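J.: Provided below for reference: sequence and predicted model.
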Amino acid sequence: MILASKEYYEECAKECLNAIIDERKERVENERRNQEIQEPDQIERKVSQEVKDHFIDDRPKLNSLDDLVQQMDNYDTLRSTFSSKQPRKEGHYYKRNSFKDDSPVTTDEKGTNEKKGCT
């Protein structure tokens with residue numbers, strides 16, 4: 001009787017345990033893959049449009065979350081370095097509004113209005 005033998009029950013128990021272990025490994029692997037897919041999407045939703053535009057050509061090249069994080073770190077470093085080297089435009093606001101001081105109508109010493117540039 002093969003069915004009643006001790007080896008048969010041991011073999012059946014091993015197969016059941018292996019099936020459970022394989023199922024759990026597969027579940028863990030699927031969860032890991034789903035997480036790898038979701039994390040870049042979550043990061044992409046949180047970053048500014050400027051960063052998205054910068055990486056739009058690199059998106060197919062990014063194979064993992066680590067690649068994306070590294071690229072974003074590089075971009076942030078480059079951006080901060082570039083912005084710190086730019087001269088400040090302190091007088092920019094005043095240059096833009098310089099016409100406010102140059103009104104076309106002035107008042108002479110007698111209090112009468114004169115128009116500049118009009119004949």
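T.: Noted; the coordinates are in hand.
J.: Which strands or helices does whichever strand or helix holds residue 36 pack on?
T.: Per DSSP states H and E, residue 36 falls inside helix 6-46. Other helices and strands packing on helix 6-46, by 3 or more Cβ pairs under 8 Å, 6 or more residues apart in numbering; DSSP states H and E, are helix 65-85. Where you see a C-beta, it was placed from the backbone N, CA and C, and this is true even at glycine.
J.: where does this structure have low pLDDT?
T.: 1-4, 40-48, 51-63, 82-119 (pLDDT under 70).
J.: if you set the cut-off to 90 instead, what comes out?
T.: Residue ranges of the chain with pLDDT under 90: 1-12, 32-119.
J.: quick one: the helix holding residue 36 to helix 65-85, angle?
T.: With axes from the mean of the first three to the mean of the last three Cα atoms, to 10 degrees applied, the angle from helix 6-46 to helix 65-85 works out at 20 degrees.
J.: What is the burial count for residue 72?
T.: Using other Cβ atoms under 10 Å, residue 72 has 16 other residues around it.
J.: Check residue 39 too.
T.: Residue 39: 14 surrounding residues under other Cβ under 10 Å.
J.: For the residue nearest to it when sequence neighbours are not counted, the count of nearby residues, please.
T.: Nearest non-adjacent residue to residue 39, counting by Cβ to Cβ, 6 or more residues apart in numbering: residue 65, 5.0 Å away. Counted with other Cβ under 10 Å, the neighbours of residue 65 add up to 16.
J.: So residue 65 sits against residue 33, correct?
T.: No. Using Cβ atoms under 8 Å, residue 65 is not in contact with residue 33; the gap is 11.8 Å.
J.: Could you count how many residues lie near residue 31?
T.: Residues lying near residue 31 (other Cβ under 10 Å) number 10.
J.: repeat for residue 68
T.: Neighbour count for residue 68, taken as other Cβ under 10 Å: 19.
J.: And residue 12, by the same measure?
T.: For residue 12, the count of nearby residues is 11 (other Cβ under 10 Å).
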